[in-house]
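Enquirer: next one to model:
(2 chains)
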Amino acid sequence: MVALSLGTAGVFGVNSIFFFISQNHLGNIASSIENLQALDHTISNERNEIIPALRQGRELCLNSFPDGCQPYVESLLFLRNRASDYSAALEADFQATERSPVIKELTALSDATNQIAAQGYGLSFARAKSLGIFSPEAYIGFVKGKEGSPRAAAFETQSTAIAINAAKAFNSLGDYSSAYAKTVPNFQATQALTTTLYWIIVSAEIVVFSLVGSIALLNTRTEVLSKKTAPRADSR
Amino acid sequence: MNKYLLFVFGASDRLLLLAFSLAAGLTSVIVGQKVLSIENTAITVSHCQRLNLQNIFFLNQAHSGAPSIKGNNRLTVRLPGYCDGLLPKPTVGTLDSLQADPNSPVAGEEAIKVYSDALSAIEDRDSELKRNLLITLVAFNVLALAIESLILYSERKNLESEGDG
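Expert: Numbering: from 1, shown residues only, chains lettered A, B, ... in the order given. Okay, the predicted model is just below:
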């Protein structure tokens, strides 16, 4: 009985470790699913917002260059910031690296926004940042004041492909998300494994407790019986 | 007083006391395991709540965003099957009917409200149950220890009486 209780305690101990690991694994899978859903939602919303905004902004900008370019600069800055946000998120939570095609595509997109700014308005966003220009209003105000800088022809050429490239980048992001989703282990299977381990732990603990309790009861009973029989032996 | 205690805790009564102590201990073990089970479910409940929260943000963005996604609130608000598995059957029925109704312009909003309420109700219920179970666990632990102390007292008295004899 003692050997059995020690054996069951061993089963309990080993299963407790597996249960702990499985529970943590379940939490990690949950986080991955949440991150994936957040990424999908963001891609879905932003793809539908940014691409029409870039196209409409470009038209406005070309019709009244550079005074009507503020909405376009806003969209361009938004795209630039989002490209770098997506890169950071993919590297932090989705196991992407600098060498991943999707990261390269996002970096190229970010560089393209800078090139439009540099060649179309004569001031790259990187340079504007170093000059302390952070808002689209301040940016347009600065390039307008800079004589001979805004070049409508250069802007028209450079800005043609950005909406298409942005759409391609969003598609790549969607593809990457779908591919990553396939690598995430099944939540329900892990949940079922955790539940099984839980029931093994419960059973083992109850068995150990019952065995130890039985040993204690048997020992006490033997002790009680021996005390009851001892005086009779003396009387003989 | 001592005489009374000795009468109550005679040698055979010690066996009974030990049985009571073990029963109280076993109850503590079972209650503890139930608390662990609730904690295990809590991982899934929290996960489903976070997914639903993301859907709320998504719908809010969709309503304030581009015309192409405005009103497109029926696509992703349904949570995975294991989340539905936590909910009572009538709630799942409500969600099914909301999803099936093509005329409802606010089906997505309704669905996330239903999820939010149902998951909060589960969380509240489990939290209250866990609180009660923890109090029960402490009570049975103390009871087991109290009975154990009586057994020890009885053993000491036995040893003293054997020594006197």
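Enquirer: my guess is residue B:42 contacts residue B:126, does it?
Expert: Yes. Using Cβ atoms under 8 Å, residue B:42 is in contact with residue B:126, at 6.4 Å. For glycine as for every other residue, the C-beta is placed from the backbone atoms N, C-alpha and C.
Enquirer: how distant is the longest helix along chain B from the center of its chain?
Expert: In terms of residue count, the longest helix belonging to chain B (DSSP state H) is helix B:107-164. Centre-to-centre, helix B:107-164 and its host chain are 11 Å apart (Cα atoms, centre = their mean, to the nearest Å).
Enquirer: what's the answer for stretch B:29-36, then?
Expert: 9 Å.
Enquirer: now do the buried residues in it.
Expert: If you call a residue buried by 16 or more other Cβ atoms under 10 Å in any protein chain shown, then stretch B:29-36 has these buried ones: B:29, B:30, B:31, B:32, B:33, B:34, B:35.
Enquirer: can you narrow these to ones near chain A?
Expert: The overlap between the buried residues of stretch B:29-36 and the neighbours of chain A (Cβ under 8 Å from any Cβ of the partner chain) comes to B:29, B:30, B:33.
Enquirer: next secondary structure element downstream of the helix or strand containing residue A:117?
Expert: Using DSSP states H and E, residue A:117 sits in helix A:101-120. Using DSSP H and E, the helix or strand that follows helix A:101-120 towards the C-terminus is helix A:125-130.
Enquirer: quick one: contacts of that next one?
Expert: Contact partners of helix A:125-130, identified using Cβ atoms under 8 Å, 6 or more residues apart in numbering or on different chains, comprise A:76, A:77, A:80, A:113, A:114, A:117, A:118, A:134, A:139, A:142.
Enquirer: now do that helix: distance to the chain's middle.
Expert: The answer for helix A:125-130 is 30 Å, by Cα atoms, centre = their mean.
Enquirer: need the residues of chain A near chain B, please.
Expert: Residues of chain A that fall close to chain B, judged by Cβ under 8 Å from any Cβ: A:23, A:26-27, A:30, A:33-34, A:37-38, A:40-41, A:44-45, A:48-49, A:52-53, A:187-188, A:191, A:194-195, A:198, A:201-202, A:205-206, A:209-210, A:213, A:216-217, A:220-221, A:223-224, A:227-228.
Enquirer: shaky segments in chain B?
Expert: Low-confidence segments of chain B, defined by pLDDT under 70: B:1-12, B:64-76, B:102-107, B:164-165.
Enquirer: same check, this time on chain A
Expert: A:147-150, A:228, A:230-236.
Enquirer: now with 90, please.
Expert: Residue ranges of chain A with pLDDT under 90: A:1-6, A:8-9, A:41-42, A:44-49, A:51, A:60-70, A:114-163, A:209, A:213-236.
Enquirer: state which helix of it is the longest.
Expert: In chain A, taking DSSP H as the definition, the longest helix is helix A:2-63.
Enquirer: packing partners of that one?
Expert: helix A:70-93, helix A:152-159, helix A:162-183, helix A:187-235, helix B:11-64 (3 or more Cβ pairs under 8 Å, 6 or more residues apart in numbering or on different chains; DSSP states H and E).
Enquirer: same for the shortest one, what does it pack against?
Expert: Put plainly, it is helix A:152-159. By 3+ Cβ pairs under 8 Å, 6+ apart, helix A:152-159 packs against helix A:2-63, helix A:101-120.
Enquirer: so which of those helices is the most surrounded?
Expert: helix A:101-120 (a mean of 19; mean count of other Cβ atoms under 10 Å in any protein chain shown).
Enquirer: which residue packs closest to residue B:81, ignoring adjacent ones?
Expert: residue A:188 (7.5 Å; Cβ to Cβ, 6 or more residues apart in numbering or on different chains).
Enquirer: okay, the one you found and residue A:24: tell me how far apart.
Expert: Distance, residue A:188 to residue A:24, by Cβ to Cβ, to the nearest Å: 17 Å.
Enquirer: and the spatially closest residue to residue B:151 that is not a sequence neighbour, what does it touch?
Expert: Nearest residue to residue B:151, sequence neighbours excluded (Cβ to Cβ, 6+ apart): residue B:17, at 5.1 Å. Neighbour list for residue B:17: B:9, B:147, B:150, B:151, B:154 [criterion: Cβ under 8 Å, 6+ apart].
Enquirer: nearest to chain A among those residues?
Expert: Lowest distance from chain A to those (Cβ to the nearest Cβ) belongs to residue B:151, with 8.5 Å.
Enquirer: now, which of the buried residues of stretch B:29-36 sits nearest residue A:63?
Expert: Within those, proximity to residue A:63 (Cβ to Cβ) peaks at residue B:35, which comes in at 67.8 Å.
Enquirer: how about the closest one: what's its closest non-neighbour residue?
Expert: residue B:133 (5.2 Å).
Enquirer: give me the neighbour count for that neighbour.
Expert: 18 (other Cβ atoms under 10 Å in any protein chain shown).
Enquirer: cool, and residue A:140?
Expert: 22.
Enquirer: how close does it sit to residue A:22?
Expert: 57 Å.
Enquirer: how near is the residue nearest to residue A:47 when sequence neighbours are not counted to chain B?
Expert: Distances taken as Cβ to Cβ, 6+ apart place residue A:170 nearest to residue A:47, at 4.2 Å, with adjacent residues excluded. According to Cβ to the nearest Cβ, to the nearest Å, residue A:170 stands 13 Å off from chain B.
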